[in-house]
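Enquirer: got a predicted model here, sequence first, then my questions.
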Amino acid sequence: MASGTLIFLRRLINNPVQVSAISPSSVFLARAMAAGITPDTGRLVEFGPGTGKLTDGILAMGLPPENLTCFELDPIFVRHLQDRLPRVTIVHAGADTAPDHVAPGVDRVISGLPLLSMPRQVREAIVGAAFRILAPGGVYVQFTYGQKAALDPAQLEALGLQVRFGPKVWLNLPPARVLYYSRIGEG
(Lines give C-alpha, C1' and ligand atoms only; values in the text may rest on other atoms or scores of the structure.)
Protein backbone atom coordinates (compact mmCIF):
# COMPACT_ATOMS: atom_id res chain seq x y z
CA MET A 1 0.00 0.00 0.00
CA ALA A 2 1.31 3.45 -0.91
CA SER A 3 1.91 5.98 1.85
CA GLY A 4 -0.79 8.54 2.62
CA THR A 5 1.47 11.35 1.44
CA LEU A 6 2.13 9.66 -1.90
CA ILE A 7 -1.59 9.01 -2.40
CA PHE A 8 -2.34 12.64 -1.49
CA LEU A 9 0.18 13.95 -4.05
CA ARG A 10 -1.20 11.70 -6.80
CA ARG A 11 -4.78 12.83 -6.07
CA LEU A 12 -3.67 16.48 -5.94
CA ILE A 13 -2.11 16.17 -9.40
CA ASN A 14 -5.12 14.29 -10.83
CA ASN A 15 -7.87 16.33 -9.18
CA PRO A 16 -6.55 19.59 -7.69
CA VAL A 17 -9.98 21.24 -7.41
CA GLN A 18 -11.43 18.42 -5.31
CA VAL A 19 -8.33 18.05 -3.10
CA SER A 20 -7.93 21.84 -2.81
CA ALA A 21 -4.88 21.75 -0.51
CA ILE A 22 -1.14 21.85 -1.11
CA SER A 23 -0.29 19.32 1.60
CA PRO A 24 -2.05 16.96 3.99
CA SER A 25 -3.17 18.44 7.31
CA SER A 26 -0.45 18.55 9.95
CA VAL A 27 -0.53 16.66 13.24
CA PHE A 28 -0.88 20.09 14.91
CA LEU A 29 -4.03 20.91 12.95
CA ALA A 30 -5.38 17.43 13.69
CA ARG A 31 -4.85 17.99 17.42
CA ALA A 32 -6.57 21.38 17.28
CA MET A 33 -9.55 19.96 15.38
CA ALA A 34 -9.86 17.04 17.81
CA ALA A 35 -9.51 19.10 20.99
CA GLY A 36 -12.11 18.14 23.56
CA ILE A 37 -12.80 14.66 22.18
CA THR A 38 -12.64 11.91 24.78
CA PRO A 39 -13.35 8.17 24.77
CA ASP A 40 -16.84 9.11 26.03
CA THR A 41 -17.63 11.63 23.27
CA GLY A 42 -20.16 9.36 21.55
CA ARG A 43 -20.77 9.26 17.82
CA LEU A 44 -18.68 11.50 15.62
CA VAL A 45 -18.76 12.17 11.86
CA GLU A 46 -15.90 13.41 9.70
CA PHE A 47 -16.43 15.10 6.35
CA GLY A 48 -13.61 14.85 3.78
CA PRO A 49 -11.00 12.74 5.60
CA GLY A 50 -8.73 12.44 2.56
CA THR A 51 -5.81 10.26 3.63
CA GLY A 52 -6.89 10.32 7.26
CA LYS A 53 -4.65 12.89 8.96
CA LEU A 54 -7.54 14.48 10.88
CA THR A 55 -8.99 11.00 11.45
CA ASP A 56 -5.74 9.98 13.16
CA GLY A 57 -6.03 13.01 15.44
CA ILE A 58 -9.63 12.09 16.32
CA LEU A 59 -8.73 8.48 17.12
CA ALA A 60 -5.64 9.56 19.10
CA MET A 61 -8.03 11.25 21.56
CA GLY A 62 -9.40 7.81 22.46
CA LEU A 63 -12.63 7.84 20.46
CA PRO A 64 -13.56 4.21 19.73
CA PRO A 65 -13.21 3.62 15.96
CA GLU A 66 -16.72 2.15 15.89
CA ASN A 67 -18.07 5.57 16.91
CA LEU A 68 -16.59 7.30 13.84
CA THR A 69 -18.20 7.59 10.40
CA CYS A 70 -16.28 9.30 7.58
CA PHE A 71 -17.71 10.68 4.32
CA GLU A 72 -15.29 10.76 1.39
CA LEU A 73 -15.99 11.30 -2.33
CA ASP A 74 -12.65 10.24 -3.81
CA PRO A 75 -12.62 6.45 -4.44
CA ILE A 76 -8.82 6.24 -4.04
CA PHE A 77 -9.00 7.90 -0.62
CA VAL A 78 -11.94 5.64 0.30
CA ARG A 79 -9.93 2.47 -0.44
CA HIS A 80 -6.92 3.83 1.43
CA LEU A 81 -9.04 4.63 4.50
CA GLN A 82 -10.81 1.26 4.42
CA ASP A 83 -7.46 -0.55 4.33
CA ARG A 84 -5.95 1.59 7.09
CA LEU A 85 -8.96 1.91 9.38
CA PRO A 86 -11.07 -1.26 9.15
CA ARG A 87 -13.13 -0.48 12.30
CA VAL A 88 -14.11 3.03 11.13
CA THR A 89 -17.20 3.31 8.91
CA ILE A 90 -16.17 4.87 5.58
CA VAL A 91 -19.04 6.10 3.43
CA HIS A 92 -18.27 6.74 -0.24
CA ALA A 93 -20.67 9.67 -0.61
CA GLY A 94 -20.84 13.43 -0.33
CA ALA A 95 -21.13 15.11 3.05
CA ASP A 96 -24.47 16.61 2.04
CA THR A 97 -25.93 13.05 2.09
CA ALA A 98 -24.96 12.43 5.73
CA PRO A 99 -28.61 12.45 6.94
CA ASP A 100 -29.29 9.55 4.53
CA HIS A 101 -26.60 7.41 6.20
CA VAL A 102 -26.34 8.53 9.83
CA ALA A 103 -29.07 8.72 12.45
CA PRO A 104 -29.48 12.03 14.29
CA GLY A 105 -27.79 12.41 17.66
CA VAL A 106 -24.15 12.82 16.62
CA ASP A 107 -22.02 14.66 19.18
CA ARG A 108 -19.65 16.36 16.73
CA VAL A 109 -18.96 16.76 13.01
CA ILE A 110 -15.37 17.52 12.01
CA SER A 111 -14.78 18.77 8.49
CA GLY A 112 -11.64 18.94 6.40
CA LEU A 113 -13.62 20.00 3.33
CA PRO A 114 -12.41 23.07 1.40
CA LEU A 115 -15.69 24.92 1.86
CA LEU A 116 -14.43 28.32 0.71
CA SER A 117 -13.59 26.84 -2.70
CA MET A 118 -17.16 25.53 -3.12
CA PRO A 119 -20.24 27.34 -4.44
CA ARG A 120 -22.38 29.08 -1.84
CA GLN A 121 -25.29 26.60 -2.17
CA VAL A 122 -22.98 23.60 -1.71
CA ARG A 123 -21.46 25.10 1.45
CA GLU A 124 -24.92 25.71 2.86
CA ALA A 125 -26.07 22.17 1.97
CA ILE A 126 -23.05 20.59 3.67
CA VAL A 127 -23.31 22.60 6.88
CA GLY A 128 -27.09 22.14 6.90
CA ALA A 129 -26.63 18.36 6.57
CA ALA A 130 -24.25 18.40 9.53
CA PHE A 131 -26.85 20.10 11.72
CA ARG A 132 -29.55 17.63 10.66
CA ILE A 133 -27.49 14.84 12.27
CA LEU A 134 -26.00 16.76 15.20
CA ALA A 135 -27.58 16.33 18.63
CA PRO A 136 -28.73 19.41 20.53
CA GLY A 137 -25.55 21.11 21.75
CA GLY A 138 -23.52 19.40 19.01
CA VAL A 139 -20.80 21.32 17.25
CA TYR A 140 -19.53 21.44 13.67
CA VAL A 141 -15.75 21.96 13.58
CA GLN A 142 -14.25 23.28 10.34
CA PHE A 143 -10.86 24.63 9.42
CA THR A 144 -10.12 27.28 6.87
CA TYR A 145 -7.06 28.75 5.21
CA GLY A 146 -9.00 31.97 4.62
CA GLN A 147 -9.77 34.94 6.84
CA LYS A 148 -13.54 34.45 6.98
CA ALA A 149 -16.12 31.81 7.80
CA ALA A 150 -17.46 29.68 4.94
CA LEU A 151 -21.00 30.90 5.57
CA ASP A 152 -21.83 34.60 5.43
CA PRO A 153 -24.03 36.24 8.09
CA ALA A 154 -27.21 35.79 6.01
CA GLN A 155 -26.54 32.05 5.58
CA LEU A 156 -25.78 31.65 9.27
CA GLU A 157 -29.02 33.42 10.17
CA ALA A 158 -31.06 31.32 7.69
CA LEU A 159 -29.67 28.13 9.26
CA GLY A 160 -30.02 29.43 12.82
CA LEU A 161 -26.28 29.14 13.44
CA GLN A 162 -23.45 31.09 14.97
CA VAL A 163 -19.71 30.74 14.43
CA ARG A 164 -16.82 31.18 16.82
CA PHE A 165 -13.23 31.55 15.63
CA GLY A 166 -10.85 29.17 17.38
CA PRO A 167 -7.09 28.84 17.33
CA LYS A 168 -4.83 29.65 14.42
CA VAL A 169 -2.55 26.69 13.68
CA TRP A 170 0.71 28.12 12.38
CA LEU A 171 2.39 24.72 12.11
CA ASN A 172 0.34 23.66 9.10
CA LEU A 173 0.97 24.26 5.40
CA PRO A 174 -0.62 26.72 4.87
CA PRO A 175 -1.52 27.96 8.37
CA ALA A 176 -5.16 27.26 9.18
CA ARG A 177 -7.83 28.61 11.53
CA VAL A 178 -10.27 26.35 13.40
CA LEU A 179 -13.92 27.44 13.40
CA TYR A 180 -16.74 26.18 15.64
CA TYR A 181 -20.30 26.34 14.34
CA SER A 182 -23.24 25.80 16.71
CA ARG A 183 -26.93 26.48 16.86
CA ILE A 184 -27.78 29.95 18.14
CA GLY A 185 -27.98 29.83 21.91
CA GLU A 186 -26.09 26.51 22.21
CA GLY A 187 -22.49 27.58 21.88
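Expert: Done, it's in. Residues are numbered from 1 along each chain as shown.
Enquirer: CA atoms for contacts and neighbours, from now on please.
Expert: Noted.
Enquirer: any idea how far stretch 141-152 is from the chain center?
Expert: 12 Å (CA atoms, centre = their mean, to the nearest Å).
Enquirer: buried sites along it?
Expert: 141, 142, 143, 144, 145, 149, 150, 151 (16 or more other CA atoms under 10 Å).
Enquirer: closest one of these to residue 176?
Expert: residue 145 (4.7 Å; CA to CA).
Enquirer: let me know the pLDDT of the residue positioned nearest the centre of the chain.
Expert: Nearest to the geometric centre of the chain sits residue 111, at 1.4 Å (CA atoms, centre = their mean). Listed pLDDT for residue 111 reads 97.
Enquirer: who does the biggest helix by length in the chain touch, helix- and strand-wise?
Expert: Looking across the chain with DSSP state H, the single longest helix is helix 120-133. Judged by 3 or more CA pairs under 8 Å, 6 or more residues apart in numbering; DSSP states H and E, the packing partners of helix 120-133 are helix 98-101, strand 134-144.
Enquirer: for residue 167, find the nearest of these.
Expert: Using CA to CA, the nearest of those to residue 167 is strand 134-144, at 9.7 Å.
Enquirer: now do that closest one: which elements does it pack against?
Expert: helix 27-34, strand 106-111, helix 120-133, strand 176-183.
Enquirer: any idea which of these is most buried?
Expert: Mean neighbour counts were compared across the helices and strands packed on strand 134-144 using mean count of other CA atoms under 10 Å; the top stretch is strand 106-111, at a mean of 24.
Enquirer: in its sheet, what does it sit against?
Expert: Here strand 106-111 has these sheet partners by DSSP bridges: strand 44-47 (parallel), strand 134-144 (parallel).
Enquirer: show me where the protein dips below the pLDDT cut-off.
Expert: 1-24, 187 (pLDDT under 70).
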